[in-house]
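In: Build me a model from this:
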Amino acid sequence: MLLFRLVNRHFDTARIYSSEHALGKALNSAFQSELVSREDVFVTTKLKNTEHDDPVAAIEDSLTNMQLGYVDLFLIHWPIKLRTDETLTPIKEEDFLPLDIKSTWQGMEQCMEMGRTKAIGLSNFSSKKIEGLLKYAKIPPAVDQVEMHPQWQQKKLRDYCNKHNIHVSAWAPLRGHNKSWGSNEVMDNPVMQEIAQKHGKTRAQVMLRWALEKGVSELPKSYNTGRISQNFQIFDWSLTPDDHDKICKFEQRKLLPAENFVNSTTSPYKTLEELWDGEI
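Out: A predicted model of the protein is given here:
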């Protein structure tokens, strides 16, 4: 499909990451030096939880930050609406605001109709939440970007999205390996080590190849140029059916359940079950 056609030139950012300015500076430097053209890169950014009232203003701010005329993909970052930026302070009960995803999606559609984004989509949405959105969407979501890795395989969501022609993109495909918020549990699994040794590949390459063979695009993060190069070396070999059988048996445990978006009073989600609609 058209989305993610340039795997090694896909830049994923978000308003909440505070990286749009830096990305824009780097991209425009590359454009000016004719290293690449705008059409050679795929840029994704996301709507902050505090910006649901006006997605058009939000994307205009993002485009200004990145010095771009459009992005390729604009996502609703979370199905949650907040008064205060959650990166600046712990979320309090009074920070939650009533959520109207239909109104937000209409704003997202307007962004696309204005040509400010080539496609619109979702992030961290369950199958049930997508089903609800499809009942009123004039433009269906192109993508759902979610946590996915061998220890959180998202089969139900992948099956649902495949049925409705929605592409699944995986964040934390290496389960946050060596990150303060992540886990090395999958990387250190003896089965993963065994499969990597059999193919003469790294464990990270096996994890990335696994998701690729599930039809999912991936967003691995690294500051190490050697590892970034290794991440691209997953296209000329395949896992065996036996490899997939072994990985399929991994214990399933979500890395980031987002408990901070749940409370019994002001949040639209009183439990994690409600936030993830049983996909937890």
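In: just the helices in the stretch 1-150 of the chain please.
Out: Under the criterion DSSP state H, counting those that start in this stretch, the stretch 1-150 of the chain contains helices at 20-32, 55-66, 101-113, 127-134.
In: got a list of contacts for the third one?
Out: Outside of helix 101-113, the residues within contact range by C-beta atoms under 8 Å, 6 or more residues apart in numbering are 47, 52, 54-56, 59, 74, 76, 79, 81, 117-120, 129, 132-133, 136-139. In short, each C-beta sits where N, CA and C put it, glycine included.
In: that older thread, out of the helices of the stretch 1-150 of the chain, nearest to Q154?
Out: helix 127-134 (9.6 Å; C-beta to C-beta).
In: Counting neighbours, which bits of the closest one end up buried?
Out: By 16 or more other C-beta atoms under 10 Å, the buried positions in helix 127-134 come out as 127, 129-130, 132-133.
In: Quick one: mean pLDDT over that helix.
Out: Helix 127-134 carries an average pLDDT of 98.
In: OK, contacts around K48?
Out: 14-16, 58, 77, 85.
In: burial measure for the residue nearest to Q67 when sequence neighbours are not counted, as a count.
Out: Closest residue to Q67 apart from its sequence neighbours, by C-beta to C-beta, 6 or more residues apart in numbering: G24 at 4.6 Å. Other residues lying near G24 total 20 when counted by other C-beta atoms under 10 Å.
In: Repeat that for H52.
Out: 26.
In: From L82, how far out is it?
Out: The gap separating H52 from L82 is 9 Å, by C-beta to C-beta, to the nearest Å.
In: shared neighbours, the two?
Out: Joint contacts of H52 and L82 (C-beta under 8 Å, 6+ apart) are L97.
In: thinking again about what came up before, JSON lines for the helices of the stretch 1-150 of the chain, including distance to M192?
Out: Output for the helices of the stretch 1-150 of the chain, formatted as JSON lines (distance: least, C-beta to C-beta, whole Å):
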{"stretch": "helix 20-32", "distance to M192": "31"}
{"stretch": "helix 55-66", "distance to M192": "36"}
{"stretch": "helix 101-113", "distance to M192": "37"}
{"stretch": "helix 127-134", "distance to M192": "28"}
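In: closest to E259 out of those helices?
Out: E259 lies closest, by C-beta to C-beta, to one member of those: helix 127-134, at 17.9 Å.
In: Give me the contacts around that closest one.
Out: Contacts for helix 127-134 (C-beta under 8 Å, 6+ apart): 79, 101-102, 105, 122, 125, 140-141, 144, 156-157, 160-161, 164, 166, 277-279.
In: Nothing else from me, thank you.
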